[in-house]
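Peer 1: Please find the sequence and the predicted model below.
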Amino acid sequence: MLDSFSDIYWTYQNIIHGIAVNGILGLSVYVVLSIGQLALGQAAFMGIGAYFGAIATTKLGLPFPIALLVSVLTPAAVAFAIGAPTLRLTGVYLAISMLGLGEISRLLFLNWEYAGGALGLSGIPERGGVFLLYFVLIVLILAFFFVGRSRIGRAMEAMREDETAAGVMGVNVPRYKLAALVVSAMLAGLAGCLSAHVSSFIGPNEYGFEMATTILSFALLGGIGTPLGPVVGAAILTLLPEVLRFLADYRLMINGAIIVIAVLFMPRGLLSWRMKRTV
Amino acid sequence: MANMTRDAHPTLEVEGLTKQFRGLVAVDEVTFQVNGNTVHGLIGPNGAGKTTVFNMISGVLPATAGSIRLLSEPLDELPTWERTKRGVARTFQNIRMFGDMSVIENVITGMHSRLKSNLGSILIRQGNFRKEETEAEAMAREQLAFVGLEQAADRRAGDLSYGDQRRLEIARALASQPKIVLLDEPAAGMNPAETHALIPLLQRLRDDRGLTLLIVEHDMHLVMSLCDRITVINFGKKIAEGTPGEVREHPAVIEAYLGHKVDDKKSTAPVSKVTS
Amino acid sequence: MLQQQLVNGFVLGATYALFALGFTMMFGVLGVINLTYGVYFALGAFAALWAAKAIGLSVWLALPFGAIFAGCIAIVIDTLLLTRLRRAKAPELSSLMVTIGATLFLYTGLSVVYGTEIRRFPLDFAPSAAFEIVGVRVVATQALIVVAALLMAAGLIWIVRGTKIGLAVRAVAENPDAAALMGVNGGLVTHLVSFMSGALGGAAGVLIGLNFNAIQPFMGENMMLRGFAVIIIGGLGDLRGALIAGFLLGIIEVLTAGYFASAAKDLIAFALLVLTLWVRPVGLFGRAAAKRA
């Protein structure tokens, strides 16, 4: 019995890791979407977290907890630097900046010889593992549920419905927007670092436009009524390519189609529940 | 007619308030005061600039010139959420409800500026957080009971009838423990019966809760029977101010509404209800 | 040599300006950041390539062919996806998301059909003469690119500012509901704007494909970063801004590559974008799009 369990694990460990990592990414995008902003920088933040975390362990020989810290703080700083000036502007400016960030970070990693350049960074030590991944995911989901039922959760839903009215309620709208951006960047960076240390290799092309849209589709598919929505969406979209292996080439096309269909026909996603906002 | 003496420390002072949109002066040097524990009406024909004045007081629109003071503290340059913290609450003409939230959640959201929980207390030391939430819910039920909506507490706000949504908006405004409540056309879209039922509620806000109200309204019946003092605006300028009786007979006001000068014989005729 | 760099930069800038013109017009009138714009860019190039190989058209005819093809596809996409959202007055972020999905779908589709290797226009596609002006070497294709770009830009600005239909376009950009009340056929204007934007993007694709002699399915994606930078620097929705900022970026990029590192040339666009956001977010000519929270 135990043999077959570890057999299953070894055969499918990529998917098992992937579901947890993508679940964390789903939460990352949930933070921004649930205040009514568009989240397009998650892939870039994930890449920054992955690269800086991996460099910390591989090149600088630092212990894993330090790498995790770096992978959380670096994206946060970038998010702050880019997000702060766009606060007073309409959401379009932030969306464009995030798309630009995605492109630029891809180019940076591609040309950064210290980090492996076009060949990527390999030989990343194995750290963390499946239990840490799922532990982090579950703790985060619980945290999201607590926050969602508090004054912060109510403020966020209010902002999503009507930003002006939320301001009149006393919600400091720009501060919440920036905080949401920074938190989502931290989560994406964390996911990147955790993922890098279970796959031993990262490359510059993994964190580009395709990744950004895939992460977005987790939330569009699963719905953003509760934090579980994007997590479930992530699980489905991680499993689907395995189940539909023959469609591998078309995976991105399917993602694109999902996004279009979800926005046009299923604005609430699959899980259309709404979280209660009181304790 | 009793003359209301000017309060030495009025709740709200608006001085020289002006709003200019590129070439159009929408509000022109408007000055008035709202005394504590009174209902003050802001009336004028359509397009006179009343809602613009409101939007400047609540911070939704920046003023071109002038100053606004709440209990002698200046509000200028402050964003809406800061003003709410200082004690300015408002309702909207087109009822900006959080439709997906429940009725009671809407009211508790209105308490946002008065609650203290932050990320730390929510995730780590939960004791204070739970206590605050329970108290908040109790307070919210109180506000709902005051406006007569306690039965609907868990219903989806967007599903309420128009009149009930108005009451919810008022409850939500009360939740922030305001020093002044700005009511933007509270009777808009209501039939005469609903309007008639609204008057005692607003009176109770002043008499039972000791609140100060500033109301923009078109419904003359409501304005005349409820307001202690009225400021009249036309074409962005203040044209009259006083008690309902004084304003009713003021020639400039009659001219503004009826469009022609009225001679002395007819001046005692009450201004009829003006529909928007 | 400086003059040579300036000329090269000017040529590159012409293509950026053309690309940005269509992009910013789409935003200014239709109110949506249409990410499928990059696909029109690639489609224009591929259509011209096909015309050159299958029918033997040279650049003079292939350029309009590619542009018109891209413009038609733009109308189709707008009708299928964006009109429905506009009618429902969906938040502009929904439109943005839908165009992301469509982009992904179309780019991948294009690469599945055509493969990802780089293609070139055939040798006789464009005149290959080169001449010297004031000690600077100018290749015929470069001159062609600049002239074509300037002509199309001038044509666009003439249409928008000098014709009745252009007036209708500007009315819809300012206030679609009021324009409809005035009798402006919103649907027609939308189709026209989509077509013009798509055509400009497609034309830019042909010209860039000619300039760098490289055509591949994801070429639009690389351009989008430049597109973003140019429309933010120039001001969202402003045609003059797109034109001027486009030329500026082209020149700055070439100078950066020449005097610093050539890898930095990709970064400069983004650096300028962030700088603009920090210093003057509305861009050179943008109207104050800032709103009070």
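Peer 2: Cool, got the structure.

Peer 1: which other residues reach stretch A:48-68?
Peer 2: A:70-72, A:74-75, A:78, A:105, A:109, A:114-115, A:121, A:123-125, A:127-128, A:188-197, A:202, A:206-207 (CB atoms under 8 Å, 6 or more residues apart in numbering or on different chains). For every residue, glycine as well, the C-beta is placed using N, CA and C.

Peer 1: Buried ones from those residues, can you make that a PyMOL selection?
Peer 2: Provided next is the PyMOL selection string for whichever of these are buried by 16 or more other CB atoms under 10 Å in any protein chain shown:
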select buried, chain A and resi 70+71+72+74+75+78+105+109+115+121+124+127+128+188+189+190+191+192+193+194+195+196+197+202+206+207
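
Peer 1: So which of the contacts of stretch A:48-68 are in strands?
Peer 2: In strands, judged by DSSP state E, the following of these are found: A:121, A:202.

Peer 1: What about chain B: which of the contacts of stretch A:48-68 touch it?
Peer 2: The subset of these within reach of chain B, counting by CB under 8 Å from any CB of the partner chain, is empty.

Peer 1: can you tell me the residue of chain A closest to chain B?
Peer 2: With CB to the nearest CB, the shortest gap between chain A and chain B falls at residue A:170, namely 2.9 Å.

Peer 1: residues in contact with that residue?
Peer 2: For residue A:170, the contacting residues are B:81, B:84, B:85, B:110, B:112, B:113, B:114, B:176, by CB under 8 Å, 6+ apart.

Peer 1: what's the nearest residue to it if we skip its chain neighbours?
Peer 2: Among residues not flanking residue A:170 along the chain, residue B:113 sits closest, at 2.9 Å (CB to CB, 6 or more residues apart in numbering or on different chains).

Peer 1: hey, where'd the strands end up in chain C?
Peer 2: Using DSSP E, strands in chain C cover C:130-133, C:136-139.

Peer 1: Buried residues in the last one, which are they?
Peer 2: The neighbour-count check on strand C:136-139 (16+ other CB under 10 Å) flags C:138, C:139 as buried.

Peer 1: Which residue lies closest in space to residue C:160, excluding its sequence neighbours?
Peer 2: residue C:166 (4.1 Å).

Peer 1: Report pLDDT for the nearest residue to residue C:146 once chain neighbours are set aside.
Peer 2: Leaving aside its sequence neighbours, residue C:146 sits nearest to residue C:14 (CB to CB, 6+ apart; 4.7 Å). The score at residue C:14 is 89. That number is its pLDDT.

Peer 1: And for residue C:180?
Peer 2: Residue C:180 is assigned a pLDDT of 78 by the prediction.

Peer 1: now it: how far from chain B?
Peer 2: To chain B, residue C:180 is 21 Å away according to CB to the nearest CB, to the nearest Å.

Peer 1: shouldn't that residue be in contact with residue C:186?
Peer 2: Yes: contact criterion CB atoms under 8 Å: residue C:180 and residue C:186 qualify, at 5.2 Å.

Peer 1: overlap in contacts of these two?
Peer 2: Listed contacts common to residue C:180 and residue C:186 are nil; contacts here mean CB under 8 Å, 6+ apart.

Peer 1: ok so, going back, does the residue nearest to residue A:170 really touch residue B:81, like I thought?
Peer 2: Yes: Residue B:113 lies in contact with residue B:81 (CB under 8 Å); the separation is 6.9 Å.

Peer 1: which residues do these two both contact?
Peer 2: A:169, A:170.

Peer 1: After the host helix or strand of residue B:52, which helix or strand is next?
Peer 2: Using DSSP states H and E, residue B:52 sits within helix B:50-58. Per DSSP H and E, the first helix or strand lying C-terminal to helix B:50-58 is strand B:65-70.

Peer 1: Show me what counts as buried in that following strand.
Peer 2: B:66, B:68, B:69, B:70.

Peer 1: ok, is that strand in contact with chain C or not?
Peer 2: No: using CB under 8 Å from any CB, no contact is recorded between strand B:65-70 and chain C, whose separation bottoms out at 15.2 Å.

Peer 1: Can you show me the helices along the chain?
Peer 2: Since no chain was named, I'll use chain A. Counting by DSSP state H, chain A has helices at residues A:2-33, A:42-58, A:64-86, A:91-111, A:129-148, A:151-161, A:163-169, A:173-199, A:209-222, A:228-243, A:251-265.

Peer 1: Not quite, go with chain B.
Peer 2: B:50-58, B:80-86, B:103-110, B:119-123, B:126-147, B:162-174, B:192-207, B:220-226, B:244-249, B:251-258.

Peer 1: Could you dump these into CSV with mean pLDDT, distance to residue A:176 and mean neighbour count added?
Peer 2: As requested, the helices of chain B are exported to CSV (pLDDT from 0 to 100; distance: least, CB to CB, whole Å; neighbours: other CB atoms under 10 Å in any protein chain shown):
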stretch, mean pLDDT, distance to residue A:176, mean neighbour count
helix B:50-58, 90, 19, 24
helix B:80-86, 92, 10, 21
helix B:103-110, 93, 13, 27
helix B:119-123, 80, 12, 16
helix B:126-147, 90, 18, 17
helix B:162-174, 91, 19, 23
helix B:192-207, 88, 30, 15
helix B:220-226, 88, 37, 19
helix B:244-249, 87, 43, 18
helix B:251-258, 80, 43, 17
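
Peer 1: Point out the one among those that comes closest to residue A:135.
Peer 2: helix B:119-123 (16.0 Å; CB to CB).

Peer 1: for the closest one, packing partners?
Peer 2: helix A:129-148, helix B:126-147 (3 or more CB pairs under 8 Å, 6 or more residues apart in numbering or on different chains; DSSP states H and E).

Peer 1: at 10 Å what do you get?
Peer 2: Other elements packing on helix B:119-123 under the criterion 3 or more CB pairs under 10 Å, 6 or more residues apart in numbering or on different chains; DSSP states H and E are helix A:129-148, helix A:151-161, helix B:126-147.

Peer 1: related to what we said a few turns ago, from memory the residue nearest to residue A:170 sits against residue A:166, does it?
Peer 2: No: using CB atoms under 10 Å, residue B:113 makes no contact with residue A:166, being 11.4 Å away.

Peer 1: Mutual contacts of those two, please.
Peer 2: Common neighbours of residue B:113 and residue A:166, using CB atoms under 10 Å, 6 or more residues apart in numbering or on different chains, are A:172, B:81.

Peer 1: Show me which of the two is the more surrounded one.
Peer 2: Comparing residue B:113 with residue A:166 by other CB atoms under 10 Å in any protein chain shown, the one with more neighbours is residue A:166, at 29 against 22.

Peer 1: Settle this for me: the more buried one is touching residue A:175, isn't it.
Peer 2: No: using CB under 10 Å, residue A:166 makes no contact with residue A:175, being 11.9 Å away.

Peer 1: residues in contact with residue B:101?
Peer 2: Counting by CB under 10 Å, 6+ apart, residue B:101 has contacts A:154, A:157-158, A:161, A:274, A:276-278, B:107-109, B:156-158.

Peer 1: Residues of the stretch 51-200 of chain C that sit close to chain B?
Peer 2: Among all residues of the stretch 51-200 of chain C, none is adjacent to chain B (criterion: CB under 10 Å from any CB of the partner chain).

Peer 1: per-residue pLDDT, the residue of the stretch 51-200 of chain C found nearest chain B?
Peer 2: When scored by CB to the nearest CB, the stretch 51-200 of chain C has residue C:174 as its residue closest to chain B, at 13.2 Å. In this model, residue C:174 is scored at 75, pLDDT.

Peer 1: so what's it up against?
Peer 2: Applying CB under 10 Å, 6+ apart, the residues near residue C:174 are C:28, C:29.

Peer 1: Please report how far it lies from residue C:168.
Peer 2: Distance, residue C:174 to residue C:168, by CB to CB, to the nearest Å: 11 Å.

Peer 1: that older thread, from residue A:36, how far off is the residue of chain A closest to chain B?
Peer 2: Counting by CB to CB - residue A:170 and residue A:36 are separated by 18 Å.

Peer 1: again with residue B:57
Peer 2: Per CB to CB, residue B:57 is found 26 Å from residue A:36.

Peer 1: quick one: low-confidence ranges for the chain?
Peer 2: All of this is about chain A. Applying pLDDT under 70 to chain A flags residues A:1-5, A:7-8, A:10-11, A:272.

Peer 1: wait, chain C
Peer 2: For chain C (pLDDT under 70), the answer is C:89-93, C:263, C:287-293.

Peer 1: Kind regards, and thank you for your time.
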